[in-house]
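My questions concern the predicted model and sequence given below.
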Amino acid sequence: MQRWRIAGVTALLGDDMVPGATLDIDGPLISGVNARGNGAREWRFDGLLALPGIVDLHGDAFERQLMPRPGVFFADDLALLDTDRQLAANGVTTAFHGLTWSWEPGLRGTQRALAMADALDRLRSALACDTRLHLRWETYNLEVVADVRAWLAAGRIHLLAFNDHTPAMLARLDDATALSKYAERGGTSVAAFRDLLRRVGEHGADVPPAIEALADDARRHGIPLASHDDETPAQRDAFHALGCTLCEFPKTRATAEAARAGGDHVMMGAPNVVRGGSHLSSVAAADLIADGLCDVLTSDYYYPALLHAPFRLARDGGCDVSRYWPLVSGRPAQAARMNDRGTLAAGRRADIILVDACDALWPRVVATIVAGRIVHHDRRGEALSRSL
């Protein structure tokens, strides 16, 4: 891999946007910032922003590539390859695919979980984005606890989240309309899904010991832990005690406050910011960010939102994007214990995106660089790609 230099950009260095900056790249690393010339080939990108690559800790939009219509599936490899192109085009350089492993049949069932994890292992070296597995284990899926423990031991899981959607489903046990969407996703009838849900719900007493066992394994193997959709401060405190340092999508402001008070990371969806609020009428991410109660944004169900959320926050706040870009780069990297990325500095991975922000409403990614390699470019990056 060649040594080369990005010049003429306005780069996010530390907390500031620095015009006329240079970034030297040597193999997979940034070797210098605003350093003296070293003979490396220089490429100028005047007028563009150079930002640390986006780190997405929770994205499940790949499910739409896998099953674009209810019960209509495409090959796992094809879904992952197409998702990879979307990630790179939107400036995501590190992606944690949120793979849900539930007791439900269909899209989120065991067969699909096994196939998707195998496909990710098989394709990882060929993917443009540094792609990892965020296992979203449904806590009532007790039959696969031994499998999850084996995956943790084997290093297949890079982030483990405890999902607990079953109690909410049980509360709708007699609501055929509410159950229909789950049945459709699972490829079964409402009656069959209701019977399965009822049987699963009978084992609630076995859930807490299973959570504790998996949390213990994850801590022992150094795997970050998250709790999902925490509804109360007490619930958050209980997961904190198990080592869950990431609070995914807290349902209330008080829960977010409890997480931050405990020193934990609070993750919210970037679509929540871009759309101006939650599509579920839950707490607004922008409000939490303004009050210091959210420090990580994720793509959730829409990859482009990660690029646009910091720019919208900056527009709304009357400041430049440097204030909010860490929400999608440095802070998620820190939350996932990935200290080699998330900022533009000598010795860090050369995960860099070049952004044209001339259109204040719709900035666009001109080029995406992962570990020093061009993985996406538009016409302005075409000459660069041919030369490296």
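Noted; the coordinates are in hand.

contacts and neighbour counts: CA atoms only from here.
Will do.

Excluding covalently adjacent residues, which one is nearest to residue 302?
Leaving aside its sequence neighbours, residue 302 sits nearest to residue 61 (CA to CA, 6 or more residues apart in numbering; 5.9 Å).

which residues sit in contact with that neighbour?
Contacts for residue 61 (CA atoms under 8 Å, 6 or more residues apart in numbering) come out as 300, 301, 302, 303.

Of these, just the buried ones, PyMOL syntax please.
A single PyMOL command selects the buried members of the contacts of residue 61 (16 or more other CA atoms under 10 Å):
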select buried, resi 300+301+303
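
The contacts of residue 61 into CSV, with extra columns for distance to residue 7, secondary structure and pLDDT?
Shown next, in CSV, are those (distance: CA to CA, whole Å; DSSP: H, G, I helix; E, B strand; the rest coil; pLDDT from 0 to 100):
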residue, distance to residue 7, secondary structure, pLDDT
300, 33, strand, 96
301, 35, coil, 96
302, 32, coil, 97
303, 28, coil, 98
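
can the contacts of residue 61 go into CSV with extra columns for distance to residue 357?
Below are the contacts of residue 61 laid out as CSV (distance: CA to CA, whole Å):
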residue, distance to residue 357
300, 23
301, 24
302, 20
303, 18
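
Nearest to residue 274 among the contacts of residue 61?
For these, the minimum distance to residue 274 (CA to CA) is 10.3 Å, reached by residue 302.

one step back: how about the residue nearest to residue 302, phi and psi?
phi -70, psi -10 (degrees, to the nearest 10).

On the pLDDT front, check it for me.
For residue 61, the pLDDT comes out at 96.

Now tell me what touches stretch 290-300 from outside.
Contacts for stretch 290-300 (CA under 8 Å, 6+ apart): 56-61, 256-257, 260, 265-271, 285, 288-289, 305-306, 327-328, 331-332.

Just the ones of these in strands?
56, 57, 58, 59, 265, 266, 267, 268, 269 (DSSP state E).

Mind picking the two most distant members of the residues you listed?
For those, and using CA to CA, no pair is farther apart than 59 and 265, which are 16.8 Å apart.

who has more neighbours, the two?
Just comparing residue 59 and residue 265: by other CA atoms under 10 Å the higher neighbour count belongs to residue 265, 25 against 20.

Please pick the buried ones from the contacts of stretch 290-300.
Buried among those (16+ other CA under 10 Å): 56-61, 256-257, 260, 265-271, 285, 288-289, 305-306, 327-328, 331-332.

Just give me the neighbour total for residue 181.
Applying other CA under 10 Å, we find 13 residues neighbouring residue 181.

same deal with residue 236?
27.

Kindly indicate whether it is helix, strand or coil.
Applying DSSP: H, G, I helix; E, B strand; the rest coil to residue 236 yields a three-state assignment of helix.

Not counting its neighbours along the chain, what's nearest it?
Using CA to CA, 6+ apart, the nearest residue to residue 236 is residue 230, at 5.9 Å.

show me what contacts that neighbour?
Contacts of residue 230 by CA under 8 Å, 6+ apart are 236, 247, 248, 249, 250, 251, 255.

what's the pLDDT at it?
Value for residue 230, per-residue pLDDT: 95.

And for the one 4 residues further on?
Looking at residue 234, its pLDDT reads 97.

What distance do you get for it to residue 243?
Separation of residue 234 from residue 243 (CA to CA, to the nearest Å) stands at 15 Å.

more crowded one of the two?
residue 243 (19 against 13).

Quick check: pLDDT value at the residue nearest to that one when sequence neighbours are not counted.
In space, and not counting its chain neighbours, residue 243 is closest to residue 225: 6.5 Å by CA to CA, 6+ apart. Looking at residue 225, its pLDDT reads 98.

Identify the residues contacting residue 225.
159, 160, 161, 162, 215, 218, 219, 243, 244, 245, 246.

And residue 112, by the same measure?
Applying CA under 8 Å, 6+ apart, the residues contacting residue 112 are residue 106.

ditto for residue 188
residue 105.

re the thing from before, closest one to residue 362 out of the contacts of residue 230, please.
residue 249 (25.7 Å).

And for that closest one, the neighbour number?
Other residues near residue 249 number 24, with proximity taken as other CA under 10 Å.

looking at it, it is touching residue 267, isn't it?
Yes: the criterion here is CA atoms under 8 Å, and residue 249 meets it with residue 267 at 5.8 Å.

distance of residue 28 from residue 20?
Taking CA to CA as the measure, residue 28 falls 23 Å from residue 20.

Same drill for these two, tell me which one is more crowded.
Set residue 28 next to residue 20 and count neighbours by other CA under 10 Å: residue 28 wins out with 19 against 15.

Please state the backbone phi and psi of the nearest residue to residue 46 once chain neighbours are set aside?
Excluding its sequence neighbours, the residue lying closest to residue 46 (CA to CA, 6+ apart) is residue 8, at 4.6 Å. Here the main-chain torsion angles of residue 8 (degrees, to the nearest 10) amount to phi 80, psi 0.

all numbers from here: first residue = 22
I'll keep to 22 as the first residue from here, and by that count the last item is residue 29.

and residue 29, what does it touch?
Residue 29 makes contacts with 40, 41, 42, 43, 65, 66, 67, 68, 69, as judged by CA under 8 Å, 6+ apart.

Pull up the pairing partners for the helix or strand hosting the third one, direction included.
In this case it means residue 42. In this structure, residue 42 sits in strand 37-47 according to DSSP states H and E. The pairing partners recorded for strand 37-47 under DSSP bridges are strand 24-34 (antiparallel), strand 50-54 (antiparallel).

Format these as a markdown table; extra columns: distance to residue 130 and mean pLDDT.
Shown next, in a markdown table, are those (distance: least, CA to CA, whole Å; pLDDT from 0 to 100):
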| stretch | distance to residue 130 | mean pLDDT |
| --- | --- | --- |
| strand 24-34 | 42 | 96 |
| strand 50-54 | 39 | 96 |
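
Just send those strands back as TSV, with distance to residue 379 too.
As requested, the strands paired with strand 37-47 are arranged in TSV below (distance: least, CA to CA, whole Å):
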stretch	distance to residue 379
strand 24-34	13
strand 50-54	24
